[in-house]
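Novice: pasting the structure only:
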DNA sequence: CTGAAAGCGCTTACAG
DNA sequence: CTGAAAGCGCTTACAG
């Protein structure tokens, strides 16, 4: 293979390779003429410096590792796109690895990033277990978590303020006149589910509505789980007049079941999602939801990592706020239902 | 920083670092006992070999570069997820870079991959121009393109058979009884648009239907373009009874406009997409479309690259077939319209 | 301003 | 079976 090195250039420029190295770095230690000549020759020879050789001596690879459960998740893809943007703007390349939420794979990914000597690590929307976190922190490189489900004590992270956002979403339904509001959660036990549920309860409490446990059902964060959950809710007597869903994917399933049961959204039942995936604008009706600034969260996480990489000991957690996006899946309940629910 | 090297291990094991290297590679050249002892020590010391040092001597980085326009595109994200799967299974790490279809950025990405000394490159669904391709091929590493819009002569690629798939999609509409079938394309001039249009025309011809130029309008591959195009089609007298869309995103826009105009899908107008994005199952009605085996295409592209990396000079182009997925957005036209169109 | 030297962490012929 | 040596392509003190 023909890859040209600093030595090749030195040979044709009749200087030492040290001088070539300096010239290529615009070092003031080399005369203008020689420097320019060397640069011209390098250009002509199609020289590209070897990042691997450089990394070996500088002990910085200018790479970061991004771990995701799966890049096929639209939420994650948006976040990663934000990460990649600022990484590239600062000369960093990103290694992408899917963990598939598989513990074995997670360990393998961490080892792989370790061997690659990445300068830092970003973990998106993962449910990193304790074991995984230990492996990660053994690497002794800065780690930033995005919407992590098990925040440890020593890690930096970017997090959506789930409680406030969920309270806002639920309050929107209450303001419309709903009194019989359900919550379809994610699988039980995950932090963001717990937080979103907490926001839902806070909204009920603040409005003096009694919490009804039967109105809380768990899905799986995907349409399938949303469908199953919605079926259970619609079997209730009376069924809720509004449903706040853990995320848009869940809402997608809920929406489908509502339609299958012949219910009109929002006339018969209101639906709110969370995330504001692209798809939320294109459902029928378009979905009222909480927007997470996904790309922005990716950008901020990378910016935080950059600070850590520069030795600035910045804040532990960056909180971002969700934004209620009112579209067409929410409306006042029908008259006869609005006040059917007893106030506490 | 504390990263332990082969030398550190050598020191505590009281052997040379060459022996350590051999032991860690399970070389038969080192006695079982020493090898095991060394491995134990390495383990205890938390040793992780440096891929960068190894790369420097082996002249293989075991990395590949993946260029995408944007990872936020759901089609691309699925493909990348397939790529990543097989890459990781074979010990390769993947560098991900978004080009944003920006020529400047494309060049920068290529340079960056060059400097990183990636072993191979995968380009997904890009509209790589000639300039870009030149830079790419200068690197002298194997390149595999996926659904590229400007296939060159010397590159390997994985391509969907657009013509056959589009003909199938259109024939499906014809079989339902439609005679007045529109095509909403992508921006004019792109290869896959040209091919899908060709498939559409072939279907018409084979069925003896006359091609009507006014039934062909161009969008932009996104919902917005689909909306504009659909508005133009619905302004026709008579409007088409069915529309074949360049892709699902376009169909999303078309669907929305149909609804805004008070048309029922599929009763008043049938719609077919292309891609079978996740979202296609969750529109209302669920979208009939052509499924591209996205993940599989990513896997095959990476497998092809692997072969090239192993020096096997494999086939230039792998063709994959689309699959018609009939859902609920297509149905026979209303009686009075079915035969309104003159046969040629 | 320029070059020779050392070294980053490995692999792998070459001797023994 | 083991070690000393060379070298991958750079960067950067150290001399001059």
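Specialist: Yes, it's here. Please read these numbers as outputs of a predicted model, since none were measured by experiment.
Novice: Next up, phi/psi of the residue in the stretch 151-300 of chain A that DNA strand D sits nearest to, please.
Specialist: Ranking the residues of the stretch 151-300 of chain A by distance to DNA strand D (CB to the nearest atom of the strand) places residue A:156 first, at 27.0 Å. Where you see a C-beta, it was placed from the backbone N, CA and C, and this is true even at glycine. Reported as degrees, to the nearest 10, the phi and psi values for residue A:156 are phi -90, psi 150.
Novice: again, but for residue A:96
Specialist: The phi/psi pair for residue A:96 (degrees, to the nearest 10) reads phi -110, psi 130.
Novice: Please name the residues that touch it.
Specialist: Going by CB atoms under 8 Å, 6 or more residues apart in numbering or on different chains, residue A:96 touches A:66, A:68, A:71, A:80, B:66, B:80, B:84, B:94, B:95, B:96.
Novice: Disregarding flanking residues, what is the spatial nearest neighbour of it?
Specialist: residue B:96 (4.2 Å; CB to CB, 6 or more residues apart in numbering or on different chains).
Novice: likewise residue A:141?
Specialist: In space, residue A:141 comes closest to residue A:120 once its chain neighbours are excluded; the distance is 5.3 Å by CB to CB, 6+ apart.
Novice: quick one: contacts of the helix or strand containing residue A:40?
Specialist: Per DSSP states H and E, residue A:40 falls inside helix A:32-44. Defining contact as CB under 8 Å, 6+ apart, one finds that helix A:32-44 is touched by A:9, A:12, A:13, A:15, A:19, A:20, A:22, A:23, A:24, A:26, A:27, A:30.
Novice: can I get those residues in CSV with pLDDT and secondary structure?
Specialist: Converted to CSV, the contacts of helix A:32-44 look like this (pLDDT from 0 to 100; DSSP: H, G, I helix; E, B strand; the rest coil):
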residue, pLDDT, secondary structure
A:9, 92, helix
A:12, 91, helix
A:13, 90, helix
A:15, 91, coil
A:19, 93, helix
A:20, 92, helix
A:22, 92, helix
A:23, 92, helix
A:24, 91, helix
A:26, 85, coil
A:27, 84, coil
A:30, 85, coil
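Novice: Show me the subset of those that also lies near DNA strand C.
Specialist: A:15, A:19, A:22, A:30 (CB under 7 Å from any atom of the strand).
Novice: which one of those residues is nearest chain B?
Specialist: residue A:22 (18.4 Å; CB to the nearest CB).
Novice: separation between the closest one and residue A:16?
Specialist: 10 Å (CB to CB, to the nearest Å).
Novice: Give me the more crowded residue out of these two.
Specialist: residue A:22 (18 against 12; other CB atoms under 10 Å in any protein chain shown).
Novice: Break chain A down into its structural domains.
Specialist: A:6-49, A:60-161+A:294-322, A:163-291+A:325-338 (automatic domain parsing).
Novice: Next, format the ones you listed as CSV and append distance to residue B:324.
Specialist: Below are the domains of chain A laid out as CSV (distance: least, CB to CB, whole Å):
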stretch, distance to residue B:324
domain A:6-49, 46
domain A:60-161+A:294-322, 23
domain A:163-291+A:325-338, 22
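Novice: Minimum distance to residue B:187: which of those domains has it?
Specialist: The closest of the domains of chain A to residue B:187 is domain A:163-291+A:325-338. By CB to CB, the value is 19.9 Å.
Novice: Now do the closest one: distance to the chain's middle.
Specialist: In this view, domain A:163-291+A:325-338 has its centroid 22 Å away from the chain centroid, taken as CA atoms, centre = their mean, to the nearest Å.
Novice: Find the nearest non-adjacent residue to the residue of the stretch 151-300 of chain A closest to DNA strand D, please.
Specialist: Nearest to residue A:156 is residue A:144, by CB to CB, 6+ apart, at 4.8 Å.
Novice: Touching, the residue nearest to residue A:141 and residue A:143? I think so.
Specialist: Yes. Assessed by CB atoms under 8 Å, residue A:120 is found in contact with residue A:143 at 7.0 Å.
Novice: Grab the nearest non-local neighbour of residue A:243.
Specialist: residue A:182 (4.6 Å).
Novice: Determine the number of other residues adjacent to the one you found.
Specialist: Neighbours of residue A:182 (other CB under 10 Å): 28.
Novice: Could you do the one 5 residues further on as well?
Specialist: A total of 13 residues lie near residue A:187 under the criterion other CB under 10 Å.
Novice: ditto for residue A:36
Specialist: 12.
Novice: That one and residue A:43, how far apart?
Specialist: From residue A:36 across to residue A:43, the span is 10 Å (CB to CB).
Novice: what does chain A have sitting close to DNA strand C?
Specialist: Near DNA strand C, when you scan chain A using CB under 7 Å from any atom of the strand, you find A:14-19, A:22, A:28-32, A:34-35, A:53, A:56-57, A:59.
Novice: gap between residue A:167 and residue A:112?
Specialist: Plainly put, residue A:167 is 41 Å away from residue A:112 if you go by CB to CB.
Novice: Below-threshold pLDDT in the stretch 151-300 of chain A: ranges please.
Specialist: Residue ranges of the stretch 151-300 of chain A with pLDDT under 70: A:151-154.
Novice: Chain A: strands as residue ranges?
Specialist: A:63-68, A:93-98, A:120-124, A:143-146, A:156-160, A:181-185, A:216-218, A:242-245, A:270-272, A:289-291, A:317-320, A:323-325 (DSSP state E).
Novice: okay if I get those strands as CSV plus distance to residue A:301?
Specialist: Shown next, in CSV, are these (distance: least, CB to CB, whole Å):
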stretch, distance to residue A:301
strand A:63-68, 10
strand A:93-98, 12
strand A:120-124, 6
strand A:143-146, 5
strand A:156-160, 4
strand A:181-185, 25
strand A:216-218, 28
strand A:242-245, 25
strand A:270-272, 26
strand A:289-291, 17
strand A:317-320, 8
strand A:323-325, 19
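Novice: Could you say which of those is packed most deeply?
Specialist: strand A:242-245 (a mean of 31; mean count of other CB atoms under 10 Å in any protein chain shown).
Novice: Quick one: list the elements packing against that one.
Specialist: helix A:162-175, strand A:181-185, helix A:223-234, helix A:248-260, strand A:270-272 (3 or more CB pairs under 8 Å, 6 or more residues apart in numbering or on different chains; DSSP states H and E).
Novice: Out of the contacts of helix A:32-44, which end up buried?
Specialist: Neighbour-count burial (16 or more other CB atoms under 10 Å in any protein chain shown) applied to the contacts of helix A:32-44 gives A:9, A:13, A:15, A:19, A:20, A:22, A:23, A:24, A:30.
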